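Enquirer: Quick one, structure for this:
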Amino acid sequence: MTLPRVELALLPTPLVRARRLETALGAGPIFLKRDDLTGFGISGNKARPLEFLLGAALAEEADVFVAAGSPSSNFCAAAAMAARVVGLDCHLLFPGEMPSPPSPNVELARVAGAHLVFDVVETRDLLDDAVVEHARSLRAEGRRPYAVPRGGATTTGVLGYANAARELAEQCRAHEVAPRTVVVATGSGGTQAGLVAGQVGCGLRWRLVGASVSRPAQGMTDRILRLSRAGAAALGLEEPTADHVDVRDCRGAGFGVASAEDRISARLALAHEGLLLDDYYGAKAMTLLRTLLTAGAETPAVFWHTGGVAAALTALTGAAS
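Expert: You can find the predicted model right below:
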């Protein structure tokens, strides 16, 4: 089945052995799936779903892409750049007032030409409804919006990571390695849902574990199962079951608030593999990997690095000031 898609990411992203991290953790083999290197700006994992979301928007003859997120949102910045590249306007909605100084991701979106709308709602949880309402207002003005919820977590959005599961499987065959545990950060759920759909559809036997960084694990489990089933149906793949969805609550003190263990995780990744892990996603997922390995998780293990470079640099420069 051929689905509308625009090329944004440089694929496949590298799969590399993390030998120094293995030594530091006393475990292994560990591999890194480098989706921080998708090559489209610094969008990281967001480039994969945006290929299909922008493809669908163009197929529907939309003229404006509408998305939302927090000021730290990688997706919003990536969406602004991607919309500009394919010739669409982009409207981005944020909760609360514009931060001062603005975050790097907000600045990236602004420079890319996005129309930024702040203070539309008080909290991130209300943004999806605000996107729907904003799109309705645009239609009333004669515009043709293509609107997506936070993170682009829709049936169309998960298709990028259904393909990514197959990509990882092909790389593992080339490396002659059979992964047993795969760990990925889970925010809006689209990345993990796509991986579940692709894993089940391709008959892959690894254990995929998601580090939920912003929502309760049980709610995310249900959400990911729904999204993965919808993505599988769109691709004509076998339907995932609840047994295929494993989500752990890694929120700690809150979204973007690093625990002491998260800071250790970020330092280990930087010192031993040169990885930049942000406080929102990457560091929390690395803490989950460390926890699982300590508890005896089977290896070889794969850590799926989803990106977050702008936020990681912000955290580092803030800590140094």
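
Enquirer: Can you give me every residue that contacts residue 30?
Expert: Taking Cβ atoms under 8 Å, 6 or more residues apart in numbering, we find residue 30 in contact with 17, 18, 21, 22, 289, 299, 300, 301, 302, 303. Just so you know, the C-beta spots here come from the backbone N, C-alpha and C atoms, and that holds for glycine as well.

Enquirer: Out of these, which end up buried?
Expert: The neighbour count (16 or more other Cβ atoms under 10 Å) marks 17, 18, 21, 22, 289, 299, 300, 301, 302, 303 as buried among these.

Enquirer: Please identify which of those residues is nearest to residue 84.
Expert: residue 303 (31.4 Å; Cβ to Cβ).

Enquirer: For the closest one, give the beta-bridge partners.
Expert: Counting by DSSP bridges, residue 303 is bridged to residue 32, residue 183.

Enquirer: surely it meets residue 289?
Expert: Yes. At 5.3 Å, residue 303 counts as touching residue 289 under the criterion of Cβ atoms under 8 Å.

Enquirer: give me the low-pLDDT residue ranges for this structure?
Expert: Residues of the chain that meet the criterion pLDDT under 70 lie in 1, 318-321.

Enquirer: can you count the residues close to residue 142?
Expert: For residue 142, the tally of surrounding residues (other Cβ atoms under 10 Å) stands at 7.

Enquirer: swap in residue 247?
Expert: Residues lying near residue 247 (other Cβ under 10 Å) number 24.

Enquirer: Report the secondary structure state of it.
Expert: strand (DSSP: H, G, I helix; E, B strand; the rest coil).

Enquirer: farthest pair in the contacts of residue 30?
Expert: Top of the distance list for the contacts of residue 30 (Cβ to Cβ): 17 and 289, 14.8 Å.

Enquirer: re the thing from before, which of the contacts of residue 30 sits closest to residue 79?
Expert: Nearest to residue 79 among these, with distances taken as Cβ to Cβ, is residue 303, at 25.4 Å.

Enquirer: from the chain's centre, how far out does stretch 265-277 sit?
Expert: Averaging C-alpha positions (Cα atoms, centre = their mean, to the nearest Å) puts stretch 265-277 19 Å from its chain's average.

Enquirer: so is the nearest residue to residue 108 once chain neighbours are set aside in a helix, a strand, or just coil?
Expert: With sequence-adjacent residues excluded and distances taken as Cβ to Cβ, 6 or more residues apart in numbering, residue 108 is closest to residue 77, at 4.1 Å. Under three-state DSSP, residue 77 falls in the helix class.

Enquirer: what about residue 77, how many neighbours?
Expert: Each residue near residue 77 was counted by other Cβ under 10 Å, and the total is 29.

Enquirer: Check which helices and strands the helix or strand that contains residue 57 is in contact with.
Expert: If you go by DSSP states H and E, residue 57 is part of helix 47-59. Under the contact definition 3 or more Cβ pairs under 8 Å, 6 or more residues apart in numbering; DSSP states H and E, helix 47-59 sits against strand 64-68, helix 74-86, strand 145-147, helix 159-175, helix 190-201.
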